[in-house]
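Visitor: Any chance you can model this:
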Amino acid sequence: MKFIVSFCKVIFVHILLVLLVLSACSPKDSSQMEENVGVSPEPVIEKTEAVSTNEPTPVQSKSIIKPEGNTVETRFDVPEGFERMPVADGSFESYLRNLPLKPDGSYVQYYNGKIKYNGVYCGVIDMDIGERDLQQCADAVMRLRAEYLYEKALYDEIHFNFTNGFCASYSKWRQGYRISVNGNEARWVQTALVSNTYQNFREYMDMVFAYAGTISLAQELKPVAIEDMRIGDVFIQASPGHCVIVVDMAQNTETGEKLFMIAQSYMPAQDIQILKNYNDESISPWYSVDFGDVLNTPEWKFNKGDLKRFE
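Guide: Residues are numbered from 1 along each chain as shown. From the prediction side, this is the model:
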């Protein structure tokens, strides 16, 4: 009898030990162990992506951008205390201020359909760029100038020089002449019918894009003092080359300070875009004329003396 009692005690002790071991490995304790080794309820990859971006964090005033606007003027308001500078109806200045924009939030597209994601822009001009790598920085400036003149039927004023100095005149092109290029030489040959269609105009512009650039355009434009800036003026450097065009301006009604807005294309060929101002994001995309000796744009630096104007 005593043996049976002793045996039962031993069995009872073993059962207690087994229960204690099982309790130590319960799911609750297992989850606590996972938390102690760093498992977070938030996805780690999201935190990694959030801190890995190199893009500036915009602090854009919501009152400046009007998402419902579909032109430069209606999309971008002026900062408090400023008014848009007056321009003549039908002028190049008015044309640029009223450029159509793609819907707010649209991405810049390259000529091959790929997207430019780097976020240096806050608006995209609604204008085709073709399917070839042609309409880059200087080409976009020439395109805007030529589009305005074509719209106004000022055909004789549409002309641009090639880098070799050859004058490519649209008035000659529309008469059926085409440009034959052989090495560094170019000459007119009549190979087409007289035509003034928009398609004919675009073919002319593609020819200009292929053989003109910042070097030739910089030579055609005349220097302008910063204090005399107006819409349509161009910040341009010949080589290494880049340029941006002023598409709108405003002035402080009390201090007289002037602001300007700039647009660009870039390499490879891409949509014309309204540039952000990372120097003062509270007024972006506006820039102050009082920027000092160097104008810092998101993808290029210009000097104060780089401002020029079409004749």
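Visitor: drop to CA atoms for contacts and neighbour counts, all remaining ones
Guide: OK.
Visitor: show me where the stretch 151-300 of the chain has strands.
Guide: Using DSSP state E, counting those that start in this stretch, the strands of the stretch 151-300 of the chain run over residues 159-161, 167-169, 177-182, 185-190, 222-223, 234-237, 242-252, 258-264, 273-275, 287-288, 294-297, 300-303.
Visitor: Let's have those strands in a markdown table, adding distance to residue 144 and mean pLDDT.
Guide: Below are the strands of the stretch 151-300 of the chain laid out as a markdown table (distance: least, C-alpha to C-alpha, whole Å; pLDDT from 0 to 100):
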| stretch | distance to residue 144 | mean pLDDT |
| --- | --- | --- |
| strand 159-161 | 13 | 98 |
| strand 167-169 | 16 | 98 |
| strand 177-182 | 22 | 97 |
| strand 185-190 | 25 | 97 |
| strand 222-223 | 18 | 98 |
| strand 234-237 | 12 | 98 |
| strand 242-252 | 9 | 98 |
| strand 258-264 | 11 | 98 |
| strand 273-275 | 12 | 98 |
| strand 287-288 | 21 | 98 |
| strand 294-297 | 20 | 98 |
| strand 300-303 | 20 | 98 |
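Visitor: right, and those - which one's nearest residue 68?
Guide: When these are compared by C-alpha to C-alpha, strand 273-275 sits nearest residue 68, at 16.1 Å.
Visitor: Does anything pack onto the closest one? Which helices or strands?
Guide: Here strand 273-275 touches strand 121-124, strand 258-264, going by 3 or more C-alpha pairs under 8 Å, 6 or more residues apart in numbering; DSSP states H and E.
Visitor: Any chance of TSV for the ones you listed, columns mean neighbour count?
Guide: Shown next, in TSV, are these (neighbours: other C-alpha atoms under 10 Å):
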stretch	mean neighbour count
strand 121-124	24
strand 258-264	24
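Visitor: Let me have those strands in TSV, adding distance to residue 184 as columns.
Guide: Shown next, in TSV, are these (distance: least, C-alpha to C-alpha, whole Å):
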stretch	distance to residue 184
strand 121-124	36
strand 258-264	28
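Visitor: Of those strands, which is nearest residue 148?
Guide: Of the helices and strands packed on strand 273-275, nearest to residue 148 by C-alpha to C-alpha is strand 258-264, at 15.8 Å.
Visitor: Of all the strands of the stretch 151-300 of the chain, which one comes closest to residue 73?
Guide: strand 242-252 (7.9 Å).
Visitor: Quick check: neighbours of the closest one in the sheet, parallel or antiparallel?
Guide: When pairs are called by DSSP bridges, strand 242-252 turns out to pair with strand 82-84 (antiparallel), strand 234-237 (antiparallel), strand 258-264 (antiparallel).
Visitor: Can I get the longest one as CSV, trimmed to CA atoms?
Guide: The reference is to strand 258-264. Once non-C-alpha atoms are left out, strand 258-264 reads as follows in CSV (Å, rounded to 0.1, in the frame of the first residue of the first chain):
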residue,chain,number,x,y,z
LYS,A,258,9.1,91.3,-58.7
LEU,A,259,8.5,87.5,-58.9
PHE,A,260,8.8,85.3,-61.9
MET,A,261,7.9,81.7,-62.9
ILE,A,262,10.0,79.5,-65.2
ALA,A,263,9.5,76.5,-67.5
GLN,A,264,11.8,74.1,-69.1
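Visitor: ok, and what's touching that strand?
Guide: 137, 140-141, 231, 243-252, 272-275, 285-290 (C-alpha atoms under 8 Å, 6 or more residues apart in numbering).
Visitor: still on that earlier bit, of all the helices and strands packed on strand 273-275, which one is nearest residue 198?
Guide: Across the helices and strands packed on strand 273-275, closest to residue 198 is strand 121-124 (C-alpha to C-alpha), at 22.2 Å.
Visitor: could you dump the strands paired with strand 242-252 to CSV with distance to residue 188?
Guide: Below are the strands paired with strand 242-252 laid out as CSV (distance: least, C-alpha to C-alpha, whole Å):
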stretch, distance to residue 188
strand 82-84, 44
strand 234-237, 29
strand 258-264, 31
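Visitor: quick one, what contacts the residue nearest the centre of the chain?
Guide: The centroid of the chain falls nearest to residue 121 when counting by C-alpha atoms, centre = their mean (3.4 Å). Residues near residue 121 by C-alpha under 8 Å, 6+ apart: 273-276.
Visitor: Show me which pair in those is furthest apart.
Guide: Pairwise distances among those were taken by C-alpha to C-alpha; the largest, 9.4 Å, belongs to 273 and 276.
Visitor: Overlap in contacts, those two.
Guide: What both residue 273 and residue 276 touch, as defined by C-alpha under 8 Å, 6+ apart, is the set 121-122.
Visitor: What sits closest to residue 85 if chain neighbours are left out?
Guide: residue 250 (4.9 Å; C-alpha to C-alpha, 6 or more residues apart in numbering).
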